[in-house]
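[1] Give me a model of this one.
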Amino acid sequence: MATPDQKSPNVLLQNLCCRILGRSEAGVAQQFQFAVRVIGSNFAPTVERDEFLVAEKIKKELIRQRREADAALFSELHRKLHSQGVLKNKWSILYLLLNLSEDPRKQASKVSSYASLFAQALPRDAHSTPYYCARPQTLPLNYQDRSTQAVPSVGSLGSSGISSISACTLGGPGPGPQPLFPGQSHQGPGVGDCLRQPLGSRLAWTLTASPPSSQTPTSKGVPNAVSRSVARSRRDGDSSGTMEITEAALVRDILYVFQGIDGKNIKMNSTENCYKVEEKANLNKSLRDTAVRLAELGWLHNKIRKYTDQRSLDRSFGLVGQSFCAALHQELKEYYRLLSVLHSQLQLQDDQGVSLGLESSLTLRRLLVWTYDPKIRLKTLAALVDHCQGRKGGELASAVHAYTKTGDPYMRSLVQHILSLVSHPVLSFLYRWIYDGELEDTYHEFFVASDPTVKTDRLWHDKYTLRKSMIPSFMTMDQSRKVLLIGKSINFLHQVCHDQTPTTKMIAVTKSAESPQDAADLFTDLENAFQGKIDAAYFETSKYLLDVLNKKYSLLDHMQAMRRYLLLGQGDFIRHLMDLLKPELVRPATTLYQHNLTGILETAVRATNAQFDSPEILRRLDVRLLEVSPGDTGWDVFSLDYHVDGPIATVFTRECMSHYLRVFNFLWRAKRMEYILTDIRKGHMCNAKLLRSVPEFSGVLHQCHILASEMVHFIHQMQYYITFEVLECSWDELWNRVQQAQDLDHIIAAHEAFLDTITSRCLLDGDSRVLLNQLRAVFDQIIELQNTQDAIYRAALEELQRRLQFEEKKQQHEVEGQWGVTAADEEEENRRIQEFQESIPKMCSQLRILTHFYQGIVQQFLVLLTTSPDESLRFLSFRLDFNEHYKAREPRLRVSLGSRGRRTSHT
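    Predicted structure coming up:
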C-alpha cells in the first residue's frame, strides 16, 4: 500500500516530471519547480468547459487521421466513463488528451518525445469581454526555430483591447529565448496556430529536456549563472561617473513611466509637461528618441488618470459623468493588465537569468510594437478627456458621440463602447420620463428641466422645458420635443385632469435600456427601434390626452362657445341683447350695476336659441365692466366674459382671454355702428312721411339721407370683411387644424395662430394702430351723425307739432264761428316759421361740415388701406370706393394698386 507521502501532489508531480523527461529526481529539479509555479498560478484556459464538445473534437481528430475504428472505440469508452462516477473532472482529462494529440512538436512516428509537452508557455491573461482585434501587421505569428521562437501568450479579449498583446507577440518580431539545455531544436506551428494553441500544450516554453551528457555538475539546477550575473551588472549600471545607461535599465524605467511613476533616468519635466531622459544619461540618440516616444504613453496615462481622480469624487458631476469615469477606469484596467504582462515578462527574465543580449528579452523596439494599439487607444481617450472638459449630462454624451463619426473602425468601436456606458443614465432618465412621467434628475443632466415653483394651472406652459444644451447629439430636436410632450402629457393627466389611469393602459410599455448593452444595441438602430419607441409613446399618450379633454372636459364645445358669444357668432342673441341693453348702456358708465346687466343677459339667453346650449357653457357666460374713464357711457365699458378653469384654461390662457376681450370690444363697437345706422334709416323712413308738410325741410332730409347711405355702405363693407374674410376664414382654418392635431401643443398653437390672425386683420395689432385710429374716427362720425340727426329731427318735429297745433286751433275757431286767426296770432306764427326757416341753413351747414369731416377721414383711411402690406386690406379699399367717388376727391388714391404694391415692396 502506498504511503500518504507517496500520494501527495508534490510527490506525484515530481514523479510525472521524471516520467516525462526520463531523468532522475535531481535532474528534473528546475522543471519540477517551474511546474509547481505553473500549477499554483491562477491561469485558466479561455475555452468553454464543455466535456462533450472536447469529446467531439477528439473524435473528429481521429477521423481526420483516418482512424475510424479508434474513433468508435473512443466513443464507447467515453460513454462508459460518463456512466461511471469515478472521475470528477472528466473535462480536464479529455482536454489534456486533446492537447497532447495536437502537440505540433510531436513526431508522427515517435510517441516518446515527451519533452515537447512543455514546448509552449501559458497565457498571461484571459478575458471575456468583446474586443476589436487589431494586431500590427508587422508582428509575425509563425513559429521559428527553437532558438528564434517567440514567447506566446493568449491575447486579451477585453472590452478595450489595451491588453491585447497575444502570446505570439510577447516575443516580438525578434527571436525568442534560447533553450535552457542545448541540443534541443523543434519546428513550431504554422501561421495562425499560435492563437489556437490550447492551454495543455503551452505548459512552459523555456523548459525542455536536455541530453544527460550536456549537463555538468557545476551548472546543475542553476543554468546560465554567469550570464545572469552579467545581465544584472549591466542593469545596475556603471558606478563610475560616466553614467552609461543600458537598454535594460531604460526598459525598467519605461515600465514605471507607463504607470506614471518617474524612473531613475526618465522623469517628468513639469516645465514642458512631458517625460524626458536626464541630460547626464549617456545614451545614443536612437535609444533616447525611442525612450521619449514610449514615455508618451505614461503622459497619456497621467492625463486620463488625473481626470478620473478629480471627477470620480465630484458628486455634482452627475450619473453621466460618473459613467464616463467608470468607462475610463475600465479602459485603464485593461491597460494595467498589459503592464502586468510586461512586468511578468521582465520578472521571468530576472528569475531565469536571461540577459538583454539574448533574443527573448524585452527591448525598446519590442515595447514600441507591443504598445502600438494601446497608445492609439490612450490617445483617443485623452482626446475625449480634453473634449469633455467642463461638460456634464447630455452635453457630455454629445461630446462622446461626436467621436464616433470616424472612419477608423478600431477607434469607432472604442468610442461606441464608451458611449454605451455614458448614455445609459440618459436613456434611463428618458424611459422613466416617457413611461412613468417621473423626472429624477438630481444633477440637472437630462434635457428635460422642471420648475417646482410653477403652479398647476401653468403646468403645461411653464413647468417643463427643454435644456437645449443637454440634448444628446444622437437625438433630433423633433425627438426631444416628442419626449418632452410625452412626459408632460402624463403629468398633465395626473395633476390637472385628475386622471389616474395607469401608464400601462395608455402606452404599450416596451423594454427599456436596463443595461449598457441594451443601450449599445439601441444605438445600432437609432432611426428605427429608438424612433419607433418614442413615436409609439408619443402618439398613444397624446391621443389619450386629447380624448380626455374632448370627452370629459368638452374642449371643442367651449371653443365653439367662444366663437358664438365672444366673437358675436350667435346673431339672434347679440341683436336681442343690444335691444335689451340699449336703455341701460346709454346711461353714464358710473351708474351701471353688474347684477342688472347680468339679469338682462339671462333674459336674452332665454329668449333666443342660446337657451339650447349646454348648461355648463351658459354657466360660464357672464358680464364684465371695463375700467371706467371720465365721460364714458355704458356702451364703452360693457363686455361679455367667459370663465375658464381647469384643463381648458391651458388652451384658453389669460393672454388668450385678453385677446378675446379686445376683439369683442372691436366687434361690439362695429356692431353698435350697424345698430345705430339701422336706427337712423328707421328714422328716415318714419320722419320722411311726417315732414312732408314741411317742404322747406326736404333739403336737410336729403342731405341726411345721402350721408347716412355713405356710412351704411362703409359699415356693411367693414362688417362683411370682418365677418367673412377674417372670422369665418380664420375659424375654418382653426377647426381643420384642431381636427388634425396630434397633441395638445398643436391645438394650442393653432388657437394662438387663430387669435393672432384675427387680432392683426381686425387692425388691433401694433402695426395697424394708425388704421384703427382712423376707423374709430369714422365710428365717432357715425355717432355724431346720430346725435346731429336726432337734434334736427327733434327741432323739425317740434316745428311740425306747433304748425299742427296752429292749424287745429284755427279749424276749431272756424267751427265755433269765429275768425280762424287774429292778425296778432298770424303775425306770431309767421315770425316763428321764419325763425325755423332761418335755422335750416345752419342745419345744412352742420351736415355739410359733418360730411366733410367724414369723407376726409374715409379718404385717409382708404389711402392707408391701399398702402397696407395685407392684400385683403388693399382689396377692401376697392370695395369701399367701388364707384371711385373718393378717388375723384383724393389724388393719392389715383395711383394704381399694382404700382403702389410694387413701390411698397421695394421700400
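
[2] can you give me the strands for the stretch 251-400 of the chain?
    Taking DSSP state E, counting those that start in this stretch to define them, one finds strands in the stretch 251-400 of the chain at 266-269, 274-277.

[3] hmm, who's touching the last one?
    Just to be clear, that refers to strand 274-277. With C-beta atoms under 8 Å, 6 or more residues apart in numbering as the test, strand 274-277 has contacts from 257, 265-269, 283, 288, 291-292, 295-296, 298-299. (Glycine included, C-beta is placed from N, CA and C.)

[4] residue ranges with poor pLDDT in the stretch 201-350 of the chain?
    For the stretch 201-350 of the chain, the stretches with pLDDT under 70 are 201-243.

[5] where do the helices sit along it?
    225-236, 247-257, 285-312, 318-352 (DSSP state H, counting those that start in this stretch).

[6] can I have the second one written out in PDB, keeping just the CAs?
    What follows is helix 247-257, C-alpha atoms only, in PDB (Å, rounded to 0.1, in the frame of the first residue of the first chain):
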ATOM      1  CA  GLU A 247      18.900  49.400 -22.500                       C
ATOM      2  CA  ALA A 248      17.700  47.000 -19.800                       C
ATOM      3  CA  ALA A 249      17.700  49.900 -17.300                       C
ATOM      4  CA  LEU A 250      15.700  52.000 -19.800                       C
ATOM      5  CA  VAL A 251      13.200  49.200 -20.300                       C
ATOM      6  CA  ARG A 252      12.700  49.000 -16.500                       C
ATOM      7  CA  ASP A 253      12.300  52.800 -16.300                       C
ATOM      8  CA  ILE A 254       9.800  52.800 -19.200                       C
ATOM      9  CA  LEU A 255       7.600  50.200 -17.400                       C
ATOM     10  CA  TYR A 256       7.500  52.600 -14.400                       C
ATOM     11  CA  VAL A 257       6.800  55.600 -16.700                       C
END
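
[7] Which strands and helices lie in contact with it?
    Packed against helix 247-257, as judged by 3 or more C-beta pairs under 8 Å, 6 or more residues apart in numbering; DSSP states H and E, are the following elements: helix 225-236, strand 266-269, helix 285-312, helix 318-352, helix 364-370.

[8] go on, the longest one?
    Here helix 318-352 is seen to pack against helix 247-257, helix 285-312, helix 364-370, helix 372-387, helix 393-402, helix 409-436 when contacts are counted using 3+ C-beta pairs under 8 Å, 6+ apart.

[9] can you tell which of these is closest to Gln570?
    helix 409-436 (42.9 Å; C-beta to C-beta).

[10] Give the rounded mean pLDDT of the helix or strand that comes right after that closest one.
    Next helix or strand after helix 409-436 toward the C-terminus (DSSP states H and E): strand 448-450. The average pLDDT within strand 448-450 is 94.

[11] Over to stretch 32-42?
    73.

[12] can you check stretch 502-521 too?
    64.

[13] Same question for stretch 803-813.
    78.

[14] and this protein, what are its domains?
    Annotated domains of the chain cover 247-351+359-390, 401-547, 554-642, 653-791+826-896 [the TED database].

[15] which residues in the stretch 701-850 of the chain form helices?
    729-739, 744-761, 769-815, 823-866.

[16] winner for burial among the ones you listed?
    Mean neighbours per residue, mean count of other C-beta atoms under 10 Å, is largest over the helices of the stretch 701-850 of the chain for helix 744-761, with a mean of 18.

[17] Confidence-wise, which helix or strand of the protein is lowest on average?
    Ranked by mean pLDDT, DSSP states H and E, the weakest helix or strand in the chain is helix 193-196, scoring a mean of 36.

[18] Show me the shaky parts of the stretch 451-600 of the chain.
    Residues of the stretch 451-600 of the chain that meet the cut-off, pLDDT under 70, sit at 508-527.

[19] Strands of that one, residue ranges please.
    464-466.

[20] buried set for stretch 58-77?
    For stretch 58-77, the neighbour count (16 or more other C-beta atoms under 10 Å) marks 58-59, 62, 71, 74 as buried.
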